[in-house]
Every structure is written in structure tokens, then in C-alpha cells.
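[1] give me a model of this one.
(2 chains)
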Amino acid sequence: MNKTINMAIKLLVICSAAAFVLGVVNSLTAPEIKKLEEEAKVKVLGELLVKGKADPAKEIFVENNEYVSSYFEIVDNGTVIGDILYLKAKGYGGMMTLMASYDSNGDLIGSVLMNNSETPGFGKKAEKPDYMNKFKGRGSDSNPLPLFKYQVEEEIDTVTGATITFMGVSSALKKGSDFVKGGLK
Amino acid sequence: MKVFTKGVFRENPVFAIVLGLCPALAVTSMVWNAIGMGFGVIFVLVCSNLFISLLRNYIPDEVHIPAYIVVIASFVTVVELLMKAYLPSLAASLGIFIPLIVVNCVILGRAEAFASKNGPLDSVLDGLGMGLGFTLALIAISLVREVLGAGQITLFEQGETLVRIKLGALNDNPIRVFAFPAGALIVMGYFKSLFDNIMKRSK
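    Presented below is the predicted three-dimensional model:
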């Protein structure tokens, strides 16, 4: 009995010490990581615009939506011409986040893969602009976004071997388009 | 000194004792990934060896594996957080393989086989040697794979800075299989037999 308690206490001491160290490191790095994320968000927000402006400070949060976590309005001369969505998607290595801009018809203007833990050399390729260009300009009812790989005709080999990543990206972009078409609901 | 050098060659973790093959096969599609992974492993290996060696008389025998895993996982998390904060590009390109350092057999293997029986100084040297041996093995595999599989050598990548050597004709028509896991196994097999051969002759 005493031996078991002794073991448990020693393990507890080791775990507590480890937790304490991690807490300290986390408190040091968390603001730094947050800052990098915010910077990336503002930078991407600028890249996703073709015309008009989106104010990084005016982030509108969406609740109870599986894919869309928040959005920004694109304003051109006082009128709203589209939206930039902050999307969540399921990848091979867990959750991924995307930012995508749509015009009011739900056509995709541009998209960027943000945080992800995809496999280097495979799913990670989705970070490259070429990958996202396949989705560009699609989304309206007459030209829907591709949901499966075979719907992307050109340069199939650039997406070979990362089906789950592709499905995650494509379904999130499609849900985003539906969200815009459905009047941001 | 002998403790340090044996990890690099005679007891090379990848080619001689065949440990830690997961990352050796997985991240070696690019030289820069192999370098980043190698340094992450060296850090975790040295720190965990040091602490496990210091705690070796304190940790009860019955629960030594959970205790080692807690120590190792803590250092891996430290590496992950630091990389995400200060080397975001490397963290992004290694992705899932940073947290997976926890289950790298080299680290638990050295904790079990060496650090739990030896003093702190020897354990640190063993960690350094083994880590270096692991890194060199990864670089060797990735060099062959990236040259044949993509026709290029990526030495550094962080944000806008990119050091990449492109190799003309091979870059246009790479031997694709080497970029895939099957290619990793082929390269690994050849390296292993080459290594065994050299070892046999040196005896």
C-alpha cells in the first residue's frame, strides 16, 4: 500500500513540475504566437482583395456555424461588394483554417490556407497559390466549386496523394460560398 | 569522448540500431525539413537524457515509462511552442512531426538503455552523439531523395528567404517515386546495406 502511494506521489511531483514548466513557456510564447497569427490575418486580408477595402478591425463573429467562424465585409465606395470569410476545415492532421474572399454572387475571388498540420510534401502543398487558383472564380450556381479531385481538370498531379486535405479545403470553400449566397447565414 | 562518437557511427540510431524510422522516412523529402527535425530531436534528446539521468534514483522502477514519457513530452511541447513563436516557417513545414517527436523510439530508447543507468555528463554526451547521428542519417537520406525525387536541394526556408539549388534536367523530369514513401524505403534500404558493409570491413 505504502509503495503504491509512494509511486503515485512521485509521479504526481514529476507531472506537476512538467506542467509548471510548460505553463511558464506557454505564457512566454502565447503572446508571440497570437501576434504572428494576427499579422498573418491582416496580411492575407490585404492579399485577398481585388478591389474595395476590408477593415481588419471590423471582424464579425459567426456562432453556430460548423465552417464559418467570422467574416469581414468588402466595401467599395460605400457599398458592400463581397465578404472575406474565416473558415474552419478538417484536414489530415486535424483542424485547418482558411481565409477566402467571395463576391456577392458567391464566386470565389481568392483563398489562402492558414494554420494547418498537414503532412509536409503532401497536404502542405495546399499552402501554395497554384493549388488555390483551381478554385478561383467558381462558386455561383452555373459554375460550382469543385468538391472532388476529378472536378479539377488541369494539372491533376499537383493534388495527388492528399485526398483528405483536398476534400477539407474544397468542402470548406463550398460551405463558405453557400454562406455568402444564403445571405450570410 | 567514446560515448559521444559511438552514436554518430558505430551505434548510429537509424542505420545501426534501426530506431526512429518514422520521422526518418516521413520528413526526409526535403533537406531543410531533415535539418529542422534533426535539431529538434537533438534538443529533446539532450534535455530528456539529462533530466532522466538526474532523476534516475528518484523515479520508482514500476512507473519509469510514464515518468520518462512525461519528461520527454514536456520538452517536445517546449520545442513546439518555441518553434511556433520564433521559427514559424519551420514549425509550419514540419507540422505534425514536431509533436510526434514524443513517440520517436530513439529518445525513449536512449532514456531506457543509457540515461537511466549513467551519470548526467555521460547522458548528455550520449544524447548529443545519438542526436547528431540521427540528424546526419536524416540529411543523407533526404539529400538522395530530394536530388532524385525533385531535382533540387533546399537548404533553408524561412518566410521570404529561400536557399534552394536547382539541378537542371533532373528538376524538369524528377524520378517521382523518390518523393513518395516507397522511395524513402528504397533509399533507406540501400543506405542500411552500405552501412552494414562498411561496418563489416572495418572490423
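[2] low-confidence ranges in chain B?
    Low-confidence segments of chain B (pLDDT under 70): B:158-160.
[3] against B:Ile175, how distant is the residue lying farthest from the centre of chain B?
    Counting by C-alpha atoms, centre = their mean, the extreme residue of chain B relative to its mean C-alpha position is B:Ala169, 30.7 Å from that point. The spacing between B:Ala169 and B:Ile175, counted by C-beta to C-beta, to the nearest Å, is 12 Å. Just so you know, the C-beta spots here come from the backbone N, C-alpha and C atoms, and that holds for glycine as well.
[4] where's A:Glu38 relative to chain B, distance?
    13 Å (C-beta to the nearest C-beta, to the nearest Å).
[5] chain B: helices as residue ranges?
    B:2-8, B:21-26, B:31-54, B:64-86, B:88-94, B:105-110, B:120-150, B:168-172, B:181-202 (DSSP state H).
[6] these: which one's closest to A:Asn105?
    Minimum separation from A:Asn105 across the helices of chain B (C-beta to C-beta) falls at helix B:88-94, 32.8 Å.
[7] same question for the helix of greatest length in chain A, mean pLDDT?
    Ordering each helix of chain A by length in residues (DSSP H) puts helix A:2-47 first. Averaged across helix A:2-47, the pLDDT comes to 89.
[8] what helices or strands is that helix leaning on?
    strand A:94-103, strand A:108-113, helix B:64-86 (3 or more C-beta pairs under 8 Å, 6 or more residues apart in numbering or on different chains; DSSP states H and E).
[9] JSON lines for these, including distance to A:Gly183?
    Below are the helices and strands packed on helix A:2-47 laid out as JSON lines (distance: least, C-beta to C-beta, whole Å):
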{"stretch": "strand A:94-103", "distance to A:Gly183": "13"}
{"stretch": "strand A:108-113", "distance to A:Gly183": "18"}
{"stretch": "helix B:64-86", "distance to A:Gly183": "37"}
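[10] now render those as TSV, adding mean neighbour count and distance to A:Val13.
    Formatted as TSV, the helices and strands packed on helix A:2-47 follow (neighbours: other C-beta atoms under 10 Å in any protein chain shown; distance: least, C-beta to C-beta, whole Å):
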stretch	mean neighbour count	distance to A:Val13
strand A:94-103	21	32
strand A:108-113	23	42
helix B:64-86	20	10
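[11] residues from chain A in reach of chain B?
    With C-beta under 8 Å from any C-beta of the partner chain as the criterion, chain A meets chain B at residues A:3, A:6-7, A:10-11, A:14-15, A:18, A:21-22, A:25-26, A:28-29, A:32-33, A:36, A:93-94, A:116-121, A:124, A:127, A:161.
[12] what sits against the residue lying closest to A:Lys10 once chain neighbours are set aside?
    Distances taken as C-beta to C-beta, 6 or more residues apart in numbering or on different chains place B:Pro60 nearest to A:Lys10, at 5.8 Å, with adjacent residues excluded. Contacts for B:Pro60 (C-beta atoms under 8 Å, 6 or more residues apart in numbering or on different chains) come out as A:3, A:6-7, A:10.
[13] which of those residues are buried?
    A:7, A:10 (16 or more other C-beta atoms under 10 Å in any protein chain shown).
[14] right, and B:Ala179 touches B:Gln152 too?
    No - checked against C-beta atoms under 8 Å, the pair B:Ala179 and B:Gln152 is beyond contact range at 10.9 Å.
[15] of the helices and strands packed on helix A:2-47, which is nearest A:Asp83?
    strand A:94-103 (5.8 Å).
[16] which residues touch the closest one?
    A:41, A:44-45, A:48-50, A:69, A:74, A:81-90, A:108-118, A:139, A:165, A:168-169, A:172-173, A:176-177, A:180, B:96.
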